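Undergrad: Provided below are the primary sequence and the corresponding predicted coordinates.
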Amino acid sequence: MAADPNQTLASTQEPSRRSDVPPFMVMDVMAAAARIEAAGGHVIHMEVGQPATGAPKTAIAAAHAALEAGRIDYTSALGIPSLRERIARHYRDAYGCDVSPERIVVTTGSSGGFNSNSSPRRKPAGHQSHRASGPMGESEIA
């Protein structure tokens, strides 16, 4: 049976609930902190999870070695495979939770992870987004 040419793909799918996600409030917190600092106030920044110290010396050494060896290419879109394997091993060792490295995606932050996970092309009908670990920084999304 031929598909109805007047019916679009969009009309056959339920609308995305991504618009129901509250705004990224951390930006409002950062703006408020900047106003307090500009007025001479003291602020201890903990709103975006940035470390208060520099990178560990071992990470700096590894970055230097990679640059000197010419390893400055793009990484896999889902994260460096060896890192994903190490994260899976950490979950097994620390929490007794068996997570396949194929189920682990490394992003630059929770926003990138949420956007990737919310993509319509990755969401079959009835699929929900679930957070396996780590803070989202905002309300929990399920």
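TA: All right, it came through fine. Numbers count the residues shown, from 1 in each chain.
Undergrad: ok, residues contacting the host helix or strand of Arg89?
TA: Using DSSP states H and E, the element containing Arg89 is helix 81-95. With C-beta atoms under 8 Å, 6 or more residues apart in numbering as the test, helix 81-95 has contacts from Leu78, Cys97, Asp98, Val99, Ser100, Pro101, Glu102, Ile104, Val105, Val106, Ser133. All C-beta spots, glycine's among them, are computed from the backbone N, C-alpha and C.
Undergrad: mind running it again at 10 Å?
TA: Contact with helix 81-95 is made by 75-76, 78-80, 97-106, 132-133, as judged by C-beta atoms under 10 Å, 6 or more residues apart in numbering.
Undergrad: for the protein, which spans come out with low pLDDT?
TA: Along the chain, segments meeting pLDDT under 70 span 1-24, 49-52, 111, 115-142.
Undergrad: mind running it again at 80?
TA: Residue ranges of the chain with pLDDT under 80: 1-26, 46-53, 71-73, 75, 108-142.
Undergrad: Show me which positions of the helix holding Arg89 end up buried.
TA: Neighbour counts using 16 or more other C-beta atoms under 10 Å place Arg84, Ile87, Ala88, Tyr91 of helix 81-95 among the buried residues.
Undergrad: how near is the first one to His45?
TA: Separation of Arg84 from His45 (C-beta to C-beta, to the nearest Å) stands at 30 Å.
Undergrad: Same question for the second one.
TA: For Ile87, the distance to His45 (C-beta to C-beta) stands at 27 Å.
Undergrad: Over to the third one?
TA: Spatial separation of Ala88 from His45 under the definition C-beta to C-beta is 32 Å.
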